[in-house]
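# 3D, please:
(2 chains)
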Amino acid sequence: MTPNLTYIVVVGVLFAAGVTLLLERSLTRVLMGVILLGNGANLLLLTGGRAGGPPIVGTTDGAEMSDPLPQAMVLTAIVITLGMTAFLLALSYRSWHLNGHDEVQDDVEDRRIMDLADRDEGPGTDDADQPDSDDQLDGDGRPDPDSRRPSAASLAAAAGGRGREA
Amino acid sequence: MNYLVPLPVVMPLLGAALTLLLASRPRAQRWVSLTVLTATVAVAATLLVRSSIDGPLVVEVGGWVAPLGIVLVADQLAALMLVVSAAVTLCVLVYSIGQGMADGHEDTPLSVYHPTYLVLTAGVCNAFLSGDLFNLYVGFEILLVASYVLLTLGSTETRIRAGTTYVVVSLLSSLIFLVAIGLVYSATGTLNLAQLVDRLDALPDDLRLVLQGMLLLAFGIKAAVFPLSAWLPDSYPTAPAPVTAVFAGLLTKVGVYAIIRTETLLFPGGRTADLLLVVAALTMLVGILGAVAQSDIKRLLSFTLISHIGYMLFGVGLSSSLGLAAAIFYVVHHITIQTTLFLAAGLVERRGGSTALDRLGGLARLSPLLAVLFFVPALNLAGIPPFSGFLGKLGLVQAGVDDGGVLAWVLVAGGLLTSLLTLYAIARVWNLAFWRRPHPEMPEPQDSVHTVRTDGVEQPYRGPDRDAHPGAMLPRLMIAPTVALVVLGLGLTVVAGPLFDLSSDAADDLLRRTPYVEAVYPGGTP
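Here you go, the predicted model:
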């Protein structure tokens, strides 16, 4: 039996896109990847059977029937994919509730080892404090004595400098 | 007797439905679960006896004839796995009931625990009994979905983090399995294992190798074989103690069972034998080196779990009768021992308030019973002579020496080294947690409901104690199943002779392949 080329190409595209998404950090994208991969696998199962008319006795001649077994298997697989999608959605929603994002986090022990490795190379790419964005969020324009805001202080200094020049 | 075959799947599923209906009556839930699992143990034992006397028992589900319908096959291997896993699940259930009652959860239990646990059992039994590749997939999915729920019970932050990795990795392995099923079907036109025997033999070699590789990959992830094992120590230790124990005992072994079944029945001839041996050596060594580096008992045990999967693959890779028999014996031994150790780790966490080795100490004096409960299975795991771990390893080493190839000798050396390193890792736990002086931060023991001091002296009832968790006395219902499993582990040594004969019979049947095929198709393969 020669499988249909269109099916094969579609399966390939679905798998490629699914794997790409699966490698992302955000759980929602991983979920999309799982859905695409699941659909690809279902299509592949379907391609495996003989194509033909509906497999109902009395409607189609025995020799022209399509193979009903892959269809039954695909139905089961679809139900399983549906359940898993719901579960992953719940997981990512809960993760968003707890952490404010749904990114898959590193294992704590792994991260400890990574930290040790990083310490050899000096500080990593931590983006701990971003005072500029804090200022933008603040928005009431009052001068802040807190030295945590160097941009406000430097702005004031620059204004003072201009005043002296004038 | 054939009507007994579907019962290990049907009873837990019905029990799950019933416990779900009884969600608001925890006492009734507990009784239903206990009854169902006890009955499962009895049925599994009967199946084991019948299948060793009469050969494999086959049931065509719903009366549909074999290649069209689904068959359930209980041969010796499947029945043996069923007995051990049913006994272990029963003990863990009692342990979790004990833990739930001692934590004062009588009126606010997690009502979803019992149904999920029973569904997990049904999935495991279905995977063992399945005589059809797609039904095996369904069995895997049932047990995996139940395990997702159990692993994320309570959905705390750490469990969600660990659960995410576990779920995504398991989903990927299931997808690979599904794709492999699709390919097998389009290549052969059937998924019935007995029918596949002939049809796969007729395929060209390269195509067979692709199918074999895909199935191995899918089962390898589930069995936590080395390059595919990183998910396991990340996810297992965060779950509640009984859940971790039952996962460690059963889930990876279902993967190993699937590898044994497909390698012997569908792809004999050992074309991937060298690959399996190399992977087995790496699994053993990398796993145990990981265990040596850990400072937390649960993580350490997770790494020894991975490491000892390597022993089973060693036996499968040798593909000799003795090797396979030793691998089957080792699976039985390892299910029991690894579960016991995780239950003991749960008791350590309860008594010492933590499983981190740097925060524990002096447990041997504080709780001698607990020390014994950890020490005996630990030595058993490392393979100290009278225990079953030693006998299993001895069988494997013998099979390796008989094989005589270079890789087999490397594996023999690797196996012995792993055994030594296991002893080292276990001795470290023993020294730090049990033998040195008690840690100053160790919580003082408190009295709580339904408890008895570990030296057996009854404590007077001092009223309900809701947050008795750290440093609480050990509840009797948690001690009893752990003791039972330790005794079961010791019993494996006592009955080692008959058990090894049974494994040898099962291995011979697997290698001959005809008993399985003839049981499914008495009148010849269609």
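# switch to C-alpha atoms for all contacts and neighbour counts from now on
Fine.
# run through the residues that contact the spatially most central residue of chain A.
Centroid-nearest residue in chain A, with CA atoms, centre = their mean: A:Arg29, separated by 1.9 Å. By CA atoms under 8 Å, 6 or more residues apart in numbering or on different chains, the contact set of A:Arg29 is A:21-22.
# helix or strand: which one has it?
helix A:27-47 (DSSP states H and E).
# what's the following helix or strand after that helix?
helix A:68-99.
# what's that next one packed up against?
helix A:27-47, helix B:133-151, helix B:157-188 (3 or more CA pairs under 8 Å, 6 or more residues apart in numbering or on different chains; DSSP states H and E).
# next SSE downstream of it?
Next along from helix A:68-99, by DSSP H and E: helix A:108-120.
# so which residues on chain A come close to chain B?
Within reach of chain B by CA under 8 Å from any CA of the partner chain, chain A has these residues: A:30, A:34, A:37-38, A:41, A:44-49, A:73, A:80, A:84, A:88, A:91, A:94-95, A:98, A:104-105, A:107.
# residue of the stretch 301-450 of chain B closest to chain A, please.
B:Ala356 (12.6 Å; CA to the nearest CA).
# show me the shaky parts of the chain.
In the absence of a named chain, chain A is used. Within chain A, the segments meeting pLDDT under 70 span A:1, A:113, A:121-166.
# please go with chain B instead
Ranges of chain B meeting pLDDT under 70: B:101-109, B:439-473.
# quick check: residues of it near chain A?
Residues of chain B lying near chain A (CA under 8 Å from any CA): B:134, B:141, B:145, B:155, B:157, B:160-162, B:164-165, B:167-168, B:171-172, B:175, B:178-179, B:181-183, B:185-187, B:189, B:234.
# which SSE is the residue lying closest to B:Phe267 once chain neighbours are set aside in?
Nearest non-adjacent residue to B:Phe267, counting by CA to CA, 6 or more residues apart in numbering or on different chains: B:Gln212, 7.0 Å away. Element membership of B:Gln212, judged by DSSP H and E, is helix B:205-223.
# residues of the helix or strand harbouring B:Leu341 that come out buried?
Using DSSP H and E, B:Leu341 falls within helix B:321-352. Neighbour-count burial for helix B:321-352 flags B:321-352 (criterion: 16 or more other CA atoms under 10 Å in any protein chain shown).
# what helices or strands is the helix or strand hosting B:Leu282 leaning on?
Using DSSP H and E, B:Leu282 maps to helix B:273-293. For helix B:273-293, the packing partners by 3+ CA pairs under 8 Å, 6+ apart come out as helix B:297-318, helix B:406-429.
# of the ones you listed, flag the one that's most buried.
Mean neighbour count (mean count of other CA atoms under 10 Å in any protein chain shown) peaks for helix B:297-318 among those, with a mean of 28.
# which strands or helices does that one pack on?
Against helix B:297-318 (3+ CA pairs under 8 Å, 6+ apart) you get helix B:231-235, helix B:252-261, helix B:273-293, helix B:321-352, helix B:388-403, helix B:406-429.
# what's in contact with the second one?
Contact with helix B:252-261 is made by B:124, B:127-128, B:216, B:219-224, B:309, B:312-313, B:316, B:331, B:335, B:510, as judged by CA under 8 Å, 6+ apart.
# one more: the fifth one?
Residues from elsewhere that reach helix B:388-403 (CA under 8 Å, 6+ apart): B:311, B:314-315, B:318, B:320, B:322-323, B:326-327, B:329-330, B:333-334, B:380-385, B:408-409, B:411-412, B:415, B:489-490, B:492-493, B:496.
# pull out the buried positions in that helix.
Quick answer for helix B:388-403 (16+ other CA under 10 Å): B:388-400, B:403.
# that helix to helix B:297-318, inter-axis angle?
30 degrees (axes from the mean of the first three to the mean of the last three CA atoms, to 10 degrees).
# okay, angle between the helix holding A:Arg29 and helix A:68-99 too, please.
Going by the same axes, to 10 degrees, helix A:27-47 makes 180 degrees with helix A:68-99.
# and helix A:27-47 with helix B:157-188, angle?
Using the same axes, to 10 degrees: helix A:27-47 against helix B:157-188 is 20 degrees.
# need the nearest residue in space to the closest residue to chain A within the stretch 401-526 of chain B, chain neighbours excluded.
Per CA to the nearest CA, B:Pro526 is where the stretch 401-526 of chain B lies closest to chain A, at 17.2 Å. Setting aside the residues directly before and after it, B:Pro526 is nearest to B:Gln195 in space (CA to CA, 6+ apart), at 7.5 Å.
# my guess is B:Thr264 contacts B:Ala507. True?
No - using CA atoms under 8 Å, B:Thr264 is not in contact with B:Ala507; the gap is 9.1 Å.
# who's more crowded, those two?
B:Ala507 (26 against 22; other CA atoms under 10 Å in any protein chain shown).
# check contacts around the more buried one.
B:77, B:321-322, B:324-325, B:328.
# quick one: it from B:Leu322, how far?
Distance of B:Ala507 to B:Leu322, given as CA to CA, to the nearest Å: 8 Å.
# could you do B:Asp402 as well?
9 Å.
# now B:Phe374: how far from B:Ala427?
From B:Phe374 to B:Ala427 the distance is 11 Å (CA to CA).
# again with B:Pro56
43 Å.
# in stretch B:361-369, what's buried?
Buried, per 16+ other CA under 10 Å, within stretch B:361-369: B:361-364, B:366-367, B:369.
# now stretch B:286-299
B:286-292, B:294-299.
# just how off-centre is it within its chain?
Centroid separation between stretch B:286-299 and its chain, computed with CA atoms, centre = their mean, to the nearest Å, is 19 Å.
# and the end-to-end length of that stretch?
End to end - CA to CA - stretch B:286-299 spans 14 Å.
# give me the contact list for it.
B:226, B:233, B:237, B:300-308, B:342, B:345, B:355-358, B:418, B:421-422, B:424-425, B:429.
# rewinding a little: what's around the residue of the stretch 301-450 of chain B closest to chain A, how many residues?
18.
# got a list of what it touches?
B:295-297.
# ok, back up a step: please convert the helices and strands packed on helix B:273-293 to CSV, extending it with distance to B:Ala44.
Listed next are the helices and strands packed on helix B:273-293 as CSV, based on distance: least, CA to CA, whole Å:
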stretch, distance to B:Ala44
helix B:297-318, 23
helix B:406-429, 32
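# separation between A:Met32 and B:Leu343?
For A:Met32 relative to B:Leu343 (CA to CA), the value is 38 Å.
# what sits against residue 94?
Using chain A. B:155, B:160.
# switch to chain B, please.
B:34, B:477-478, B:481.
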